[in-house]
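1. Based on what follows, work out the 3D shape:
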Amino acid sequence: MLSFLGPTVARSDAELLAAHVAGDRYAFEELLGRHQRRLYQLARRTTRSPEDAADAMQDAMLAAHRGAAAFRHDAAVSSWLHRIVVNACLDRLRRTAAQPTIALTDHAAIGDRTAEVDTTLVVRRALMRLPAEQRAAVLAVDMHGYSVADAAALLGVAEGTVKSRCARGRARLSVLLRS
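-> Numbers count the residues shown, from 1 in each chain. The predicted structure is shown next:
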């Protein structure tokens with residue numbers, strides 16, 4: 001990038017976060033611009049709903065904006081943002097589970113689909129019946145390919161917790177998919 005004063009150097013995520021905390025009005029916007037697409041995709045996959053993903057992203061970005069001064073620099077800023085988004089998604093899923101809705105299915109439309117789409121729908125429905133914490137662990141490890149250690153850092157829990165949530169989630173999925 002060039003300016004009238006010569007070339008400018010792109011700031012790192014940590015530098016942008018520090019600049020935001022110091023009062024730079026544009027630093028947080030630049031930081032989010034770098035990560036927003038990936039964070040929204042994470043929210044979309046976690047919540048399985050564009051509306052819930054958008055709401056969770058808004059909650060997460062407010063939390064990140066407000067909590068920037070508390071960032072401890074013991075992890076990458078991108079990991080910190082991921083954790084905030086996952087937590088916002090889990091919070092949203094918990095709130096939605098407390099007020100369940102029943103989806104109407106169009107049996108004629110489903111009958112016209114291929115077996116692959118039917119299987120995908122069955123698996124998604126089964127995933128949505130898992131408790132939010134188990135679903136997040138199973139999605140992170142089994143569907144998104146995170147290692148147990150990375151999933152633990154992402155979810156803000158111990159590795160053993162991720163392992164047990166995955167094991168319980170997989171066992172419950174097995175039962176749900178058999179019925």
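2. Going by C-alpha atoms from here, please, whenever you check contacts or count neighbours.
-> Noted.
3. any idea how the protein splits into domains?
-> According to automatic domain parsing, the chain comprises the domains 11-101, 104-179.
4. Could you dump those domains into JSON lines with mean pLDDT added?
-> Below are the domains of the chain laid out as JSON lines (pLDDT from 0 to 100):
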{"stretch": "domain 11-101", "mean pLDDT": "90"}
{"stretch": "domain 104-179", "mean pLDDT": "82"}
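5. From Ala76, how far out is the residue nearest to Leu90 when sequence neighbours are not counted?
-> Beyond its immediate neighbours in the sequence, the residue positioned closest to Leu90 (CA to CA, 6 or more residues apart in numbering) is Ala132, lying 6.0 Å away. When distances are taken as CA to CA, to the nearest Å, Ala132 and Ala76 turn out to be 25 Å apart.
6. And Asp52, by the same measure?
-> As for Asp52, its distance to Ala76 is 26 Å (criterion: CA to CA).
7. just the helices in this structure please.
-> According to DSSP state H, the chain carries its helices in the segments 13-21, 27-47, 50-67, 77-98, 107-111, 115-128, 132-138, 148-155, 159-178.
8. looking at these, which is buried most?
-> For the helices of the chain, the stretch with the most neighbours on average is helix 132-138, a mean of 24; neighbours defined as mean count of other CA atoms under 10 Å.
9. mind saving the C-alpha coords of it as CSV?
-> Once non-C-alpha atoms are left out, helix 132-138 reads as follows in CSV (Å, rounded to 0.1, in the frame of the first residue of the first chain):
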residue,chain,number,x,y,z
ALA,A,132,-24.5,-27.5,22.1
GLU,A,133,-21.1,-28.3,23.8
GLN,A,134,-21.0,-31.8,22.3
ARG,A,135,-22.1,-30.5,18.9
ALA,A,136,-19.3,-27.9,18.9
ALA,A,137,-16.7,-30.5,19.8
VAL,A,138,-17.8,-33.0,17.2
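10. Centre of the chain to that helix, how far?
-> Mean-position distance between helix 132-138 and its chain equals 11 Å (CA atoms, centre = their mean, to the nearest Å).
11. Hmm, Ala88 and Asp59 touching each other?
-> Yes: applying CA atoms under 8 Å, one finds Asp59 in contact with Ala88, separated by 6.3 Å.
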